[in-house]
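Novice: Next input, structure requested:
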Amino acid sequence: MDRDSNIVIIPTYKEKENIEALIKAISSLDHVFDILVIDDNSPDGTADIVKGLQKSNSHLFLLERSGKLGLGTAYIAGFKFAIEKGYDFIYEMDADFSHDPRDLISLCKACDNDGADVAIGSRYISGVNVVNWPLSRVLMSYFASIYVRFVTGMKIMDTTAGFKCYRREVLENILPNQVRSVGYSFQIEMKFIAWKLGYKIVEVPIIFTDRRLGSSKMSGGIFNEAIWNVLRMKIRSWFVKYRRNGAAA
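Specialist: As a prediction, this is how the structure comes out:
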């Protein structure tokens with residue numbers, strides 16, 4: 001393809017305070033990353049800001065949706081776009097600067113140079129690297145990852161992380177398995193299926209910084225939903241043959 005082989009997918013809902021600065025930060029990196037913003041009809045004009053930036057940024061794309069349809073469906077739409085366009089490395093990233101744009105380089109290196117199929121920006125691979133979260137939320141997130149490891153058997157320290165890089169082949173093989181989760185547990189299920197398919201998953205240490213601007217979409221209820229979805233996912237896996245390009249993994 002003519003374009004660069006990296007694309008960063010950023011779902012948004014009411015992120016007008018952050019989106020312009022984030023796009024400019026990614027665009028200023030030494031390595032070229034295309035950017036796909038998937039906006040769920042933000043009432044604050046987030047999509048309009050992106051449209052304005054598109055006039056001077058040929059690496060920026062926008063997909064507008066009719067409303068809040070769930071994080072998982074936003075990423076699935078982004079993955080389909082990236083696969084159709086032939087990108088080699090496809091990234092997930094939050095819009096609120098909790099993920100440092102400079103860490104995209106580390107994720108890229110892990111996959112492009114070091115042979116990982118999935119690279120995770122991990123808060124817990126080298127201690128607990130979280131800034132500005134209340135202790136209750138740190139503990140909730142940390143023990144959620146322990147719970148997921150216990151239920152699934154995955155050897156991943158940050159099972160709920162949302163900052164990742166995939167090789168295109170991984171997503172081409174995950175999508176036919178029909179990911180069921182649409183909310184927070186989507187991040188867990190994607191890792192689980194990649195692991196069941198036998199892909200090489202590595203964790204790259206990052207420092208996670210809580211948002212400074214805008215409002216968080218996270219709540220205790222979302223965590224509770226994820227807990228039950230992990231159990232359903234594990235039980236469902238007993239009846240699924242995970243296949244990679246037609247061969248059982």
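
Novice: okay, how far is it across stretch 26-38, tip to tip?
Specialist: According to C-alpha to C-alpha, to the nearest Å, stretch 26-38 extends 16 Å from its N-terminal end residue to its C-terminal end residue.

Novice: What are the buried residues along that stretch?
Specialist: Neighbour counts using 16 or more other C-beta atoms under 10 Å place 26-27, 33-38 of stretch 26-38 among the buried residues. Where you see a C-beta, it was placed from the backbone N, CA and C, and this is true even at glycine.

Novice: Then stretch 44-57?
Specialist: When neighbours are counted by 16+ other C-beta under 10 Å, the buried residues of stretch 44-57 are found to be 46-47, 49-50, 53-54, 57.

Novice: which residues does the residue nearest the centre of the chain contact?
Specialist: Within the chain, the residue whose C-alpha comes closest to the C-alpha centroid is residue 92; the distance, by C-alpha atoms, centre = their mean, is 3.2 Å. Counting by C-beta atoms under 8 Å, 6 or more residues apart in numbering, residue 92 touches 9, 75, 162-164, 166, 187.

Novice: quick one: it from residue 74, how far?
Specialist: As defined by C-beta to C-beta, to the nearest Å, residue 92 lies at a distance of 10 Å from residue 74.

Novice: can you check residue 102 too?
Specialist: According to C-beta to C-beta, residue 102 stands 24 Å off from residue 74.

Novice: Between these two, which has more neighbouring residues?
Specialist: residue 74 (24 against 13; other C-beta atoms under 10 Å).

Novice: could you say which helix or strand contains the more buried one?
Specialist: Residue 74 is part of helix 71-85, with elements assigned from DSSP states H and E.

Novice: now for that helix, which elements pack on it?
Specialist: Where contact means 3 or more C-beta pairs under 8 Å, 6 or more residues apart in numbering; DSSP states H and E, helix 71-85 is packed against strand 6-12, strand 34-39, strand 60-64, strand 89-92, helix 168-174, helix 186-196.
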